[in-house]
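Visitor: What follows is a protein structure lacking sequence information:
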């Protein structure tokens with residue numbers, strides 16, 4: 001919850017900054033801020049387009065970075081129980097021990113889970129389960 005608030009606050013701040021940059025980047029000839037006519041080899045319209053483009057990049061880049069960093073991964077595979085620890089084996093044969101909200105996951109079922117890959121202390125890669133997306137039924141041998 002706290003991370004979501006921080007992310008939405010960052011998104012709002014980026015959007016507000018972008019809007020301010022776009023508003024101030026508009027040609028203000030009527031206010032006498034810019035001299036009439038082109039500035040150097042570029043016209044006022046070209047300068048405005050450059051400023052708006054840079055502003056868009058400055059606003060969109062942090063949003064994409066935050067989204068990618070906090071993105072939840074999905075894993076699909078068959079669940080098994082070894083030594084009272086649930087594990088899931090994906091289609092490539094990689095095995096992950098499950099942690100987090102794995103109460104709805106049962107051994108012998110093929111499932112799709114959302115969560116995050118983490119490093120486990122026991123050497124086996126682990127997957128912290130956020131939620132069960134879909135239960136496909138029994139695993140096929």
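Guide: On my side now, so go ahead. Here the structure is a predicted model, which is why all the values come from computation and not from measurement. Numbers count the residues shown, from 1 in each chain.
Visitor: So residue 102, which state does it fall into?
Guide: What DSSP: H, G, I helix; E, B strand; the rest coil gives for residue 102 is coil.
Visitor: Give me the domain ranges for this structure.
Guide: With domains defined by automatic domain parsing, the chain comprises 2-69, 73-138.
Visitor: Dump those into a markdown table; add mean pLDDT and mean neighbour count as well.
Guide: Where C-beta positions appear, they are placed from N, C-alpha and C, glycine not excepted. Below are these laid out as a markdown table (pLDDT from 0 to 100; neighbours: other C-beta atoms under 10 Å):
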| stretch | mean pLDDT | mean neighbour count |
| --- | --- | --- |
| domain 2-69 | 69 | 12 |
| domain 73-138 | 87 | 15 |
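Visitor: packing partners for the lengthiest strand in the chain?
Guide: As assigned by DSSP state E, the longest strand anywhere in the chain is strand 126-138. Applying 3 or more C-beta pairs under 8 Å, 6 or more residues apart in numbering; DSSP states H and E, one finds that strand 126-138 contacts strand 95-100, strand 109-118.
Visitor: Quick one: closest of these to residue 124.
Guide: strand 95-100 (5.2 Å; C-beta to C-beta).
Visitor: Each with direction, which strands does the closest one pair with?
Guide: Using DSSP bridges, the strands paired with strand 95-100 are strand 85-90 (antiparallel), strand 126-138 (parallel).
Visitor: Could you give the separation of the host helix or strand of residue 57 from the chain centroid?
Guide: Using DSSP states H and E, residue 57 sits within helix 44-69. Distance of helix 44-69 from its chain centroid, counting by C-alpha atoms, centre = their mean, to the nearest Å, is 18 Å.
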